[in-house]
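Trainee: need the 3D shape of this:
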Amino acid sequence: MNGSSKRGRDGAPDRGQATDGFTLVEVLAVLLVLTLGIGAVIGVLGMANRYTGKTISRYTGMGTATGLLYDHAPLGCTADVGDADNDGWSQSGTPFSWTGSYVMTTQGYLNGFWCRRTETSNTSDIIVADRRWAWVEVDVYWGTGGAHVTRLQERIVRARAP
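Mentor: Residues are numbered from 1 along each chain as shown. A predicted model of the protein is given here:
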């Protein structure tokens with residue numbers, strides 16, 4: 001060893017100014033950057049969670065509308081005038097007819113959505129005595145008077161049960 005090394009008061013070798021480690025300012029800067037990064041990640045996850053919930057709800061609403069497009073009495077509910085049987089489904093308009101024109105609207109809650117189904121058919125839509133075309137529109141909402149979720153429209157063939 002070199003005999004000219006410096007020694008402190010206590011006899012230990014003097015290291016001079018420390019060059020190892022981080023200063024307080026550097027540590028605080030890293031903590032600030034990490035805090036901002038974690039906050040951004042949490043914000044993105046929250047937004048993604050909201051969008052996922054909306055997407056799942058819209059998907060469920062579309063499935064509800066698709067089922068209601070072909071089934072005017074879902075889950076065994078009967079669409080009667082003024083919901084006389086209190087099952088949540090009511091009907092208004094002209095009742096269904098095999099021989100004349102009709103416009104029939106049924107509405108009520110299904111799968112947590114407020115749904116309205118309108119079926120329209122004219123006498124010119126009659127194919128034969130037990131078959132006819134009908135135009136069906138289904139609107140699905142987030143509850144009564146709520147935001148519109150989806151709408152399906154399709155022309156269907158009504159056939160009398162054998």
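Trainee: what segments of this structure are strands?
Mentor: 80-81, 89-93, 102-110, 113-121, 126-128, 131-141, 148-159 (DSSP state E).
Trainee: what does the fourth one rub up against?
Mentor: The list of residues contacting strand 113-121 from outside it, by Cβ atoms under 8 Å, 6 or more residues apart in numbering, reads 60-61, 64-65, 68-69, 72, 93, 96, 101-109, 132-146, 149, 158. The way it works is simple: take the backbone N, C-alpha and C, and place the C-beta from them, glycine included.
Trainee: ditto for the longest one
Mentor: Taking contacts as Cβ under 8 Å, 6+ apart, the residues outside strand 148-159 that touch it are 57-58, 61-62, 65-66, 69-70, 113, 121, 127, 130-142.
Trainee: for ChimeraX, write the select line for the buried members of the residues you listed.
Mentor: To isolate the buried members of those in ChimeraX, using 16 or more other Cβ atoms under 10 Å:
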select :61,65,69,113,121,132,134,136,137,138,139,140,141
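Trainee: closest to Leu32 out of the strands of the chain?
Mentor: Leu32 sits nearest to strand 148-159 of all those, at 42.9 Å, using Cβ to Cβ.
Trainee: only C-alpha atoms, please: export the closest one in PDB.
Mentor: Only the C-alpha atoms of strand 148-159 are listed here, as PDB (Å, rounded to 0.1, in the frame of the first residue of the first chain):
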ATOM      1  CA  HIS A 148     -81.300   3.800 -26.300                       C
ATOM      2  CA  VAL A 149     -79.100   0.700 -26.400                       C
ATOM      3  CA  THR A 150     -79.900  -0.900 -29.700                       C
ATOM      4  CA  ARG A 151     -82.500  -1.300 -32.400                       C
ATOM      5  CA  LEU A 152     -83.200  -4.300 -34.700                       C
ATOM      6  CA  GLN A 153     -85.500  -4.300 -37.700                       C
ATOM      7  CA  GLU A 154     -86.300  -7.400 -39.800                       C
ATOM      8  CA  ARG A 155     -89.000  -8.700 -42.000                       C
ATOM      9  CA  ILE A 156     -90.200 -12.100 -40.800                       C
ATOM     10  CA  VAL A 157     -92.700 -14.700 -42.000                       C
ATOM     11  CA  ARG A 158     -95.500 -15.500 -39.600                       C
ATOM     12  CA  ALA A 159     -96.800 -19.100 -39.900                       C
END
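Trainee: who does that strand pair up with?
Mentor: strand 131-141 (antiparallel) (DSSP bridges).
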